[in-house]
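Engineer: From the sequence below, what's the structure:
(chains A, B and C)
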Amino acid sequence: MLGNFFLRKRMNFLAYFGLLIIIAFVAGVITEYDPVKGFTSIPKAIVWGFTNFYPNVESFEKLPDILQKIRETLLVSVAATVTGGAFAFLFAIFGAHTTRFNVFLGVISRGIAIVFRNIDFSAWAMILLFSFGQNVMTGYFALFFGSFGFLTRAFMETIDEVSGGPVEALKATGAGYFSIVFKSVVPSTMPQMISWVLFAIETNIRQATLVGILTGTGIGFAFDLYYKSLNYHAASLVVVVIVIAILLIEWLSNYVRRVIL
Amino acid sequence: MITRSETKIKVKSFNKATLVIRMTLLVLVLVTLLGFFTFDYKGIHVFDGIVLTGQTFLTMFLEPHFSHFTFVELISKLFITIGLAILTTMLGAAISLFLALVAARNLASKTTSNIRGIIAVIRAVPTVLWVLIFAVAAGLGSVAAVIGMSFHSIGYLVKAYSESFEEMDDGVIEALKASGATWWQIVFQAVLPSSMTYLLSWTFLRFEINFTVAVAMGAAAGAGGIGYDMFMASVFYYDLREVGIITYFMLLFAILLEVFATRLKRKLRLNA
Amino acid sequence: MKALLEVRRVSKKYGNGSTALSDVSFSIQEGEFVSIIGPSGAGKSTLLRCINRMIEVSSGEVVFQNVNVTKLGKKQLKQVRRTIGMIFQHYNLVNRLSVIENVLHGRLGYKSTLAGMLGLYNEEEKKKAVEILAMLGLQDQIYKRADQLSGGQKQRVGIARALVQEPKLLLCDEPIASLDPNASKTIMDYLKTISTTLGITVLVNLHQVDVALKYSDRIIGVNKGRIIYDGVPREMTSDMIHNIYGSETGDLLFDLGGENAG
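Structural biologist: Numbers count the residues shown, from 1 in each chain, chains lettered A, B, ... in the order given. Predicted structure coming up:
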């Protein structure tokens, strides 16, 4: 019995471990991943990075241009998150178990949210290229749909987690639907929701870079331009600017979170 | 009004949070408005675009078809994308596990704790940039994709893992330390078993993210897989209906993952 | 009888300037059952942890089995720690592991790092663990997960984990503070048995004075980081207890009763 217990435990562990190895092997074969090349490429990339990928004096001439682009990217990210969040709020109210007033409507809004958040930003960008072309609106709507899907789920979970008790209490006093939503659900979930919106802004700035490469707008376009013209000094300056922008936003939103949560 | 003057002290400490909430909302709305006023619309009519988008949706979702790619091709491309996500997640998880042990406040010595700062910077660089940077050294393909994607995975997982480790009961570590156990023994015998469920659900969540990232890298960084096909269908062939069928493929798999993740989470929670 | 443990003029100051222990000295003979009593924040926990150096002392020395613990290097410290078992108020078990795995953690100090990491215990160690569990009445709980046990059972697993170390000394930090009266009695009875039949020295922090009086060979009273009483329970007076707890006469909830009265 005693030996069995430890033996079984060890066999279990080995079985899981073996399964993982097999999965990794299969994944390596179908993606034609070469582990040796993988490991050797890291030092190569580091050497290349130190010799080529740093901002030099000439690249700083591009700085005004880059700052203009990052400003556009930041604005698009915030605008898309805020408008996406507003729609997400409506859908979350319809879809959350505590606040939905119609089961059918609830199921529909949940379904829409599932579809929207499972189509990636990049896919949205490529779909929207058909209607807006290489335009800032393509990026805006790609981020809008993506954050709408993400925030709807986040808001629904927040509403169901936070306001179950208060809603029941207000229902018991005979309050109407709208006063329940605006006097109880909104105040008790507001800090959490803002926290989610800030998180979505952080992700959207990163996604905006990707979407920008696909749609030829904003900071992603700037990077793509310098990268493809082999101007790595300027490209690295773009990276530095993005990192500073993201760390700044993270720092700001961490401050807000500390105060409100 | 009356109640406010009566409970002045209480309201005051409460006010800072409310003030920050209102300021945040105000700033967000103002920035949004500023954005809409300063965007370079290049003469595009937004309203027409929205109508067109509606028509686009209808066409792509209601009339999907295969033309440049076959069903089997797309399935195999989907598997390539999944494979990229698996490799990235595994590589990222293995490295993160080690780094997180060193970075967790309850396990780390003081000298290693500045690892968090480095990780924050790594996390700030968008994945696509990592992939493109690596592509210069390793060439476009699965190697650059996996290594590049791993960077952001590591940034994300180190944070998640080390926070899971920090949640564990410090008393357990103390108990084993008091019996003369070494750091590695404590990690393997107490820390990992205690936080295994958290680690698993974070890793799976990251796998979900890595799948979408792998799609995106196919499109934006030529990493192959179904994302690249979508890019081709959209930007080169300009075939809306084929984009529709590819979207269906990805959507189905993503929803499958989500359902599985929800089940896994519920099961782990029961087990926790 | 020789002194197993000697604490000499130990002080502990924390970084924020507060003093947890000042100039504490006492010695403990082999086989003794000693209780440390005192109000919350008096420094009882700190004192216990200074002995196996879970907390470093600011000055003074701790001598265990003629070895100055305060001067030891990392490796020797681990060797000393494995001969000192420790029991905690919150049991400090790994909830997701089985009872026997938790007990075997007590052997980690005896193993190479790698063997310990992988949990490779030999049959002898496993047999020993099972024996101890049976002695503590847990023979039916061996394969259960630790979080499925009651508080009293968890504490017995904690004791088993300490015993499997084959310790000379047991340090018990508030072992019954989170338990109901029934389970508390069981635990204290086991600790007493361990002390009398296995000859293991027991040093226990308590805040239940009546329990300390009933079970101890000797009582050490601590207040504000200083020892203000060190003697047998029979000589403990209610005035002394008020001194230790800094309370007003007549405020205490229990009676000294019997021989100690008046």
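
Engineer: Read off the pLDDT value for the residue in the stretch 151-262 of chain C that chain B sits nearest to.
Structural biologist: Using C-beta to the nearest C-beta, the closest approach of the stretch 151-262 of chain C to chain B is made by C:Q165 at 5.6 Å. In this view, the C-beta of every residue, glycine as well, is placed from N, C-alpha and C. pLDDT for C:Q165: 94.

Engineer: so what are the domain limits for the chain?
Structural biologist: If you meant another chain, say so; for now it's chain A. Domains of chain A are assigned by automatic domain parsing as A:2-52, A:58-260.

Engineer: let's do chain B instead
Structural biologist: B:2-60, B:66-271.

Engineer: related to what we said a few turns ago, quick check: which of the domains of chain A is buried the most?
Structural biologist: Mean neighbour count (mean count of other C-beta atoms under 10 Å in any protein chain shown) peaks for domain A:58-260 among the domains of chain A, with a mean of 20.

Engineer: what about C:T19, neighbour count?
Structural biologist: When counting by other C-beta atoms under 10 Å in any protein chain shown, one arrives at 15 neighbours for C:T19.

Engineer: Out of the domains of chain B, name the one with the poorest average pLDDT.
Structural biologist: domain B:2-60 has the lowest average pLDDT among these, namely a mean of 78.

Engineer: do it and chain A meet at all?
Structural biologist: Yes - counting by C-beta under 8 Å from any C-beta of the partner chain, chain A has neighbours in domain B:2-60: B:16-17, B:20-21, B:24-25, B:28-29, B:31-32, B:34-36, B:38-42, B:44, B:46, B:49-50, B:52-53, B:55-57, B:60.

Engineer: Just the buried ones from those?
Structural biologist: B:20-21, B:24, B:28, B:31-32, B:35, B:39, B:44, B:49, B:53, B:56, B:60 (16 or more other C-beta atoms under 10 Å in any protein chain shown).

Engineer: Just name the closest of those to chain A, please.
Structural biologist: Out of these, the member with the shortest distance to chain A (by C-beta to the nearest C-beta) is B:G35, at 3.5 Å.

Engineer: Helix or strand next in line after the helix or strand hosting that closest one, which one?
Structural biologist: Assigning secondary structure by DSSP states H and E places B:G35 in helix B:8-38. Counting by DSSP H and E, the element after helix B:8-38 in chain order, helix or strand, is helix B:46-62.

Engineer: Report all helices and strands that that next one contacts.
Structural biologist: Contact partners of helix B:46-62 among helices and strands, from 3 or more C-beta pairs under 8 Å, 6 or more residues apart in numbering or on different chains; DSSP states H and E: helix A:121-132, helix A:136-162, helix B:240-271.

Engineer: quick one: that helix to chain centroid distance?
Structural biologist: Relative to the centre of its chain, helix B:46-62 is centred 28 Å away, using C-alpha atoms, centre = their mean, to the nearest Å.

Engineer: The very next helix or strand once past that helix vs chain A: in contact?
Structural biologist: Sequence order places helix B:71-103 as the next helix or strand after helix B:46-62, per DSSP H and E. Yes - judged by C-beta under 8 Å from any C-beta, helix B:71-103 comes into contact with chain A at B:S76, B:F79, B:I80, B:I82, B:G83, B:L84, B:I86, B:L87, B:M90.

Engineer: Dump those residues to a markdown table, plus neighbour count and distance to C:E174.
Structural biologist: Below are these laid out as a markdown table (neighbours: other C-beta atoms under 10 Å in any protein chain shown; distance: C-beta to C-beta, whole Å):
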| residue | neighbour count | distance to C:E174 |
| --- | --- | --- |
| B:S76 | 14 | 63 |
| B:F79 | 18 | 57 |
| B:I80 | 23 | 59 |
| B:I82 | 21 | 53 |
| B:G83 | 25 | 54 |
| B:L84 | 29 | 53 |
| B:I86 | 24 | 48 |
| B:L87 | 28 | 50 |
| B:M90 | 22 | 44 |
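
Engineer: Among the residues you listed, which one lies nearest to A:V82?
Structural biologist: Top of the list for closeness to A:V82, among these and by C-beta to C-beta, is B:L84 at 33.0 Å.

Engineer: Let me know which of the domains of chain B is tucked in deepest.
Structural biologist: domain B:66-271 (a mean of 20).

Engineer: Quick one: the strands in the stretch 51-200 of chain C, in order.
Structural biologist: With DSSP state E, counting those that start in this stretch as the criterion, the stretch 51-200 of chain C has strands at C:59-64, C:67-68, C:84-87, C:169-173.

Engineer: looking at the ones you listed, which is buried most?
Structural biologist: Comparing the strands of the stretch 51-200 of chain C by mean neighbour count (mean count of other C-beta under 10 Å), strand C:84-87 ranks first with a mean of 27.
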